[in-house]
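>>> here is a sequence together with a model predicted from it:
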Amino acid sequence: MSNKNHLVNPRPPPNYGSMSSHGHPQGDILEPHLSLPPAFVNHIQQYPYSSDNHHTQYTSLPGYSDEEEEEQEKDFNTLFNEYLITTPFIIIAIFSFILLLYVWPIKTNDNDDNDGNGNTIIIEHWNIFLLGISGWSLVFLLRRPSFFLLSKLIKVKVSTSGILTLLLVGFTEEIVRLIWLYYAHEDASTGNDIYQDFLIAYWLGLGWATAEAIYFIIQNFIAVRWYKEENGMNGQYMEERLELEEILGRPLTKVSAWWGVMWRVSWIFAHIGFSCWIAFSSVLVYPAAMIHGLLHVVWGYCLPIFGIPTVSYVTLILTLAMFLIGLALFGQIV
């Protein structure tokens, strides 16, 4: 593959699993968590899977094939209904983490627990929840400038700048989270109350994950629209569909919408976990940024190689561990 092919029409990496054939920052999809930039369609051909027949089949690495678990191809109505059914479960997942604060015996200082159950503290932190939404939104807006900086100003190859951008997004996201946590801590005037610090971190992470989930739901339905019969392989969304299939390694019609529910739960774990890590000690921003960036790269490049089940389950286990570590740091589970 020539260097010329790598440098044709560089576009910014889409946002958390979204992509656009024209490099629009709104991206467009299915955000398992992040994505392969559309400009890398030529570059991705070097990976060991077949792109024939618009990715109705692909070859995973030995021992990682998920061919037996591949979904039967669905028509547009079935696909749309499946997303209608699964979307409420994503919303339920978010509310279940709010409910967890009411049913879990959160440890707080007696003088700050006004009603004896911690309910007053939880209500007071809805502003932190909104702060988390604003944090994710800010990082979202920084992704396209990051790609432009690396691909245009620094003059690195598109293939290299894509990976660097995904790593940079992970690092930037955790730095923004650190700044937001500092602001929230100062605004709440918690002093040395470690348990209120935990609640601030929890609500910030939950708000972060909620913003990402809202974006994910919207992009899902945009992508489903590409699979209407009138928008078929010769229709106006042909390029978008092919680019999405480059990321997933198969058509969206062969991917169960229930995977999306698992992905969202995984990233609720991740965002609350990262927030707790950094709230406990600012030094932990470095491992958090490294892990976050590497997860970006895995989701952007490795779905066609290892398969959706393998990547999804490994991510779930890893993010659950991160969540539990975050709780343990504040003494909530030990």
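Nice, thanks for sending it over. Quantities reported herein were computed from a predicted structural model and do not represent experimental measurements.

>>> which element is residue 164 on?
Element membership of residue 164 [criterion: DSSP states H and E] is helix 158-188.

>>> in that helix, which residues are buried?
For helix 158-188, the neighbour count (16 or more other C-beta atoms under 10 Å) marks 158-159, 161-174, 176-178, 180-181, 184-185, 188 as buried. C-betas here are computed from N, CA, C, even on glycine.

>>> likewise for stretch 129-144?
129, 131, 132, 133, 135, 136, 139, 140, 142, 143, 144.

>>> wait, isn't the fifth one in contact with residue 208?
Yes. The pair formed by residue 135 and residue 208 meets the contact definition of C-beta atoms under 8 Å, at 5.8 Å.

>>> got any residues that touch both of those two?
Residues touching both residue 135 and residue 208 by C-beta atoms under 8 Å, 6 or more residues apart in numbering: residue 177.

>>> my read: residue 271 touches residue 201, true?
No. In this structure, residue 271 is not within contact of residue 201 by C-beta under 8 Å, at 10.1 Å.

>>> between the two, point out the one with more neighbours.
Applying other C-beta atoms under 10 Å to residue 271 and residue 201 shows that residue 271 carries more neighbours, namely 31 against 28.

>>> what average pLDDT does the host helix or strand of the more buried one get?
Per DSSP H and E: residue 271 is located in helix 258-280. Mean per-residue pLDDT for helix 258-280: 97.

>>> how much does that helix deviate in direction from helix 158-188?
Angle between the axes of helix 258-280 and helix 158-188 is 60 degrees (criterion: axes from the mean of the first three to the mean of the last three C-alpha atoms, to 10 degrees).

>>> C-terminal to helix 258-280, what's the next element?
helix 285-301.

>>> could you look up the next helix or strand downstream of that next one?
Per DSSP H and E, the first helix or strand lying C-terminal to helix 285-301 is helix 303-306.

>>> dump the C-alpha coordinates for that following helix into PDB.
Written as PDB, here are the backbone C-alpha positions of helix 303-306 (Å, rounded to 0.1, in the frame of the first residue of the first chain):
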ATOM      1  CA  LEU A 303     -13.800  -5.700  16.500                       C
ATOM      2  CA  PRO A 304     -13.300  -7.400  13.000                       C
ATOM      3  CA  ILE A 305     -10.200  -9.200  14.300                       C
ATOM      4  CA  PHE A 306     -11.400 -10.700  17.600                       C
END
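
>>> what does the very next helix or strand once past it rub up against?
Sequence order places helix 308-329 as the next helix or strand after helix 303-306, per DSSP H and E. Outside helix 308-329, the residues within contact range by C-beta under 8 Å, 6+ apart are 32-33, 64, 66, 69, 201, 248-250, 255, 259, 262-263, 265-267, 269-270, 272-277, 280-281, 291, 295, 298-299, 302-303, 333-334.

>>> now do the buried residues in helix 308-329.
Buried-residue list, helix 308-329, by 16+ other C-beta under 10 Å: 308-312, 315-316, 318-319, 322-324, 326-327, 329.

>>> just checking, which of the buried residues of stretch 129-144 belong to helices?
If you go by DSSP state H, the buried residues of stretch 129-144 have 129, 131, 132, 133, 135, 136, 139, 140, 142, 143, 144 in helices.

>>> surely the first one and residue 209 touch.
Same thing as residue 129. No. The criterion here is C-beta under 8 Å, and residue 129 misses it with residue 209 at 10.2 Å.

>>> what's around the residue lying closest to residue 227 once chain neighbours are set aside, how many residues?
Leaving aside its chain neighbours, residue 227 sits nearest to residue 76 (5.1 Å; criterion: C-beta to C-beta, 6 or more residues apart in numbering). Number of residues near residue 76 (other C-beta under 10 Å) recorded here: 17.

>>> next one: the one 5 residues further on
Residue 81 sits with 13 neighbouring residues when counted by other C-beta under 10 Å.

>>> now do the one 3 residues further on
Neighbour count for residue 84, taken as other C-beta under 10 Å: 12.

>>> do the one 3 residues further on as well
Neighbourhood size, residue 87 [other C-beta under 10 Å]: 18.

>>> run a quick neighbour tally on residue 95.
Residue 95: 10 neighbours (other C-beta under 10 Å).

>>> no further questions, thank you.
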